[in-house]
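J.: pasting the sequence and the predicted coordinates here, then a few questions.
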Amino acid sequence: MEGGGLPTGFTAAPNDLESHWMPFTWNRQFKHAPKLIAGADGMTYYTHDGRELLDGTAGLWCVNAGHNRSRIVRAVQEQVATLDYAPSFQLGHPLAFQLANQLVEMAPHGAFDHAFFANSGSEAVDSALKIALAYHRANGEGQRRRLIGRERGYHGVGFGGISVGGIVNNRRVFSELPGTDHLRHTYAPEHQAFTRGQPEWGAHLAEDLERLCTLHGGETIAAVIVEPIAGSTGVLIPPQGYLERLREICDRHGILLIFDEVITGFGRLGSSFAAEHFGVTPDMITLAKGLTNGTVPMGAVLTREGIYDTVTGAAEAAGGTIELFHGYTYSGHPLACAAALASLEVYKEEGLFGNAAMLAGHWEDALHALRGTAHVTDLRNLGIIAGIELAPRPGAPGRRGYEAFTLAWEKGLLIRVTGDIIALSPPLILDEGHIDRMMQTLKETLEAVD
Ligand code: PLP
């Protein structure tokens, strides 16, 4: 244990759960049967009633180095005692610059030269979309205002993110920004079910971007944003050659390509970023989650060479004292920077991305051994990510997934479900024993679920 774990003298459940309106939660069910987490350490969560849970999801895809890492805890503690907060507009503090330098250095293919800070994945996405619009305007192409996402994409919950996102429940109540459109998603079980790694079928789906260029005029499109692996809609692995083709079409039409790497960044695929893993260089990368190991909220946008220079150059020519009218009170917050710098040290010194790469084969074999287990209609994986698709219960979509989540919780395993799809993304400090335990518990869970 590294200093985390079950707090001594902690109290059990708060005696009134009502006031807290919980995010993305079945509130009434939760308050009827709460699932409360009270402590954590390494690969383990502790429930409020003292049970241990194996963390199969790195929290929400963010705690890549495991929980309560003493180095990160210490860095945050020392930072809050040194500089709690510094204004982020027209002023700076050293750690934000240090962190930006390190991120640019580790970014793929030596192609990125600036980092813009936000406080979440949603904010990183909205920042990237705005930077795309600002870039084209500064480049004399102010007509490029259309933003393209993809069906079954998730880019957070800001109005920009839900507009380019493709999750119907995030959109049907709130509507969307004008001038957005979507590529087809890439999932086709009839061609891809039970594929290990990237499916062979589906690269041609990238041509859907040509269709949108024909429909809207390629010269009106500012940016295309995709998750290299769609996580929140149930782990959709890109077909072989798909991302490469998307890159080619963007180049042909002068469209910026944004990879939303909020979940794939920081080792999930065994490399720093998915862009590195797939050998495709986007124009921007959005980051959050693993950036600070989930300890302090933070998001970031990495921009490719030329974007910052174009925006700042045009603004200078026009006069004025601010180049990009965008930013947050907490952009580059000192505690977040301290947490991020310490997380990057832990990732590097412990070789955690390498550990993920080394274990990816065992992960894949253990996952695919679930083939034939009750309810399972597809298994998909890449790096240390897995998706397990269950047949929905007739007339009650999502209920079987939710019950599997509850039963796994009772059996000591934290999983994540999206409808009837289970997603696994454990901390990268895991070993083969953790993988085997996870898959065994999952098998028992699925066999017990109706
Ligand atoms: N983008 C992607 C790909 C995500 O998976 C998420 C969250 O899961 C987000 C953006 C939003 O991040 P946040 O919840 O930090 O706003």
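T.: Looks like it came in fine.

J.: now Arg304. Its backbone dihedrals?
T.: Taking degrees, to the nearest 10, you get phi -70, psi 150 for the backbone angles of Arg304.

J.: continuing past the one helix or strand Ala423 maps to, what's the next helix or strand?
T.: If you go by DSSP states H and E, Ala423 is part of strand 421-424. Later in the chain than strand 421-424, the nearest helix or strand by DSSP H and E is helix 432-448.

J.: and that next one, which residues are buried?
T.: For helix 432-448, the neighbour count (16 or more other Cβ atoms under 10 Å) marks His434, Ile435, Arg437, Met438, Met439, Thr441, Leu442, Lys443, Thr445, Leu446 as buried. For the C-beta atoms, the positions are set from N, CA and C on the backbone; glycine is no exception.

J.: tell me the secondary structure at Ala222.
T.: Three-state call for Ala222 (DSSP: H, G, I helix; E, B strand; the rest coil): strand.

J.: from the ligand, how far out is the residue lying closest to it once chain neighbours are set aside?
T.: Spatial nearest neighbour of Ala222, chain neighbours left out: Arg144 (4.2 Å); criterion: Cβ to Cβ, 6 or more residues apart in numbering. Distance from Arg144 to the ligand, counting by Cβ to the nearest ligand atom, to the nearest Å: 23 Å.

J.: the residue lying closest to Arg150 once chain neighbours are set aside and the ligand, how far apart?
T.: Spatially, and ignoring its direct neighbours in sequence, Arg150 is nearest to Leu183 (4.3 Å; Cβ to Cβ, 6+ apart). As judged by Cβ to the nearest ligand atom, Leu183 and the ligand stand 15 Å apart.

J.: gap between Leu183 and Glu207?
T.: Applying Cβ to Cβ, to the nearest Å, the value for Leu183 to Glu207 is 10 Å.

J.: does the residue nearest to Ala222 really touch Glu219, like I thought?
T.: Yes - using Cβ atoms under 8 Å, Arg144 makes contact with Glu219 at a distance of 6.8 Å.

J.: buried stuff in stretch 178-189?
T.: Neighbour counts over stretch 178-189 (16+ other Cβ under 10 Å) mark Thr180, Asp181, His182, Leu183, Arg184, His185, Thr186, Tyr187 as buried.

J.: so whichever residue of the stretch 251-400 of the chain sits closest to the ligand: helix, strand or coil?
T.: Closest contact between the stretch 251-400 of the chain and the ligand, by Cβ to the nearest ligand atom, is at Val262 (3.6 Å). The local conformation at Val262, judged by three-state DSSP, is coil.

J.: sorry, back to before: if I pick the residue nearest to Arg150, what's in contact with it?
T.: Leu183 makes contact with Ile148, Gly149, Arg150, Glu151, Leu205, Ala206, Asp208, Leu209, Leu212, Val224, Val226, according to Cβ atoms under 8 Å, 6 or more residues apart in numbering.

J.: quote the end-to-end distance of stretch 376-387.
T.: Start to finish, the residues bounding stretch 376-387 are 10 Å apart (Cα to Cα, to the nearest Å).

J.: now that stretch: mean pLDDT?
T.: Here stretch 376-387 scores 98 as its mean pLDDT.

J.: for stretch 25-39, same thing?
T.: Stretch 25-39 comes out at a mean pLDDT of 94.

J.: same deal with stretch 341-356?
T.: 98.

J.: need the residue closest to the centroid of the protein.
T.: Centroid-nearest residue in the chain: Ile263, 2.4 Å away (criterion: Cα atoms, centre = their mean).

J.: and that residue, what does it touch?
T.: Taking Cβ under 8 Å, 6+ apart, we find Ile263 in contact with Trp61, Glu227, Ile229, Gly231, Ser232, Lys289, Ile385, Ser425.

J.: looking at those residues, which is nearest Gly92?
T.: Closest approach between the contacts of Ile263 and Gly92, by Cβ to Cβ: Lys289, at 24.1 Å.

J.: buried ones in stretch 278-297?
T.: Buried residues in stretch 278-297 (16+ other Cβ under 10 Å): 278, 280-297.

J.: can you dump the C-alpha atoms of that stretch in PDB for me?
T.: The C-alpha coordinates for stretch 278-297 follow below in PDB (Å, rounded to 0.1, in the frame of the first residue of the first chain):
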ATOM      1  CA  PHE A 278      -1.400   4.000 -35.500                       C
ATOM      2  CA  GLY A 279       1.300   6.000 -37.300                       C
ATOM      3  CA  VAL A 280      -1.100   8.800 -38.200                       C
ATOM      4  CA  THR A 281      -0.400  12.500 -37.300                       C
ATOM      5  CA  PRO A 282      -3.500  14.600 -36.700                       C
ATOM      6  CA  ASP A 283      -3.400  18.400 -36.500                       C
ATOM      7  CA  MET A 284      -4.600  18.500 -32.900                       C
ATOM      8  CA  ILE A 285      -4.800  16.100 -30.100                       C
ATOM      9  CA  THR A 286      -7.200  16.600 -27.100                       C
ATOM     10  CA  LEU A 287      -6.100  15.200 -23.800                       C
ATOM     11  CA  ALA A 288      -7.400  14.900 -20.200                       C
ATOM     12  CA  LYS A 289      -7.900  12.000 -17.700                       C
ATOM     13  CA  GLY A 290      -4.500  10.200 -17.700                       C
ATOM     14  CA  LEU A 291      -2.800  13.600 -18.000                       C
ATOM     15  CA  THR A 292      -3.000  13.900 -14.200                       C
ATOM     16  CA  ASN A 293      -3.700  10.300 -13.500                       C
ATOM     17  CA  GLY A 294      -7.200  11.500 -12.600                       C
ATOM     18  CA  THR A 295      -5.900  13.200  -9.500                       C
ATOM     19  CA  VAL A 296      -6.800  16.900 -10.400                       C
ATOM     20  CA  PRO A 297      -9.100  17.800 -13.200                       C
END
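
J.: just the terminal-to-terminal distance for stretch 246-261.
T.: 16 Å.

J.: buried residues in that stretch?
T.: Result for stretch 246-261 [16+ other Cβ under 10 Å]: buried residues Leu246, Arg247, Ile249, Cys250, His253, Ile255, Leu256, Leu257, Ile258, Phe259, Asp260, Glu261.

J.: what about the residue nearest to Arg252 when sequence neighbours are not counted, neighbour count?
T.: Spatial nearest neighbour of Arg252, excluding adjacent residues (Cβ to Cβ, 6+ apart): Gly218 at 7.7 Å. Neighbourhood size, Gly218 [other Cβ atoms under 10 Å]: 19.
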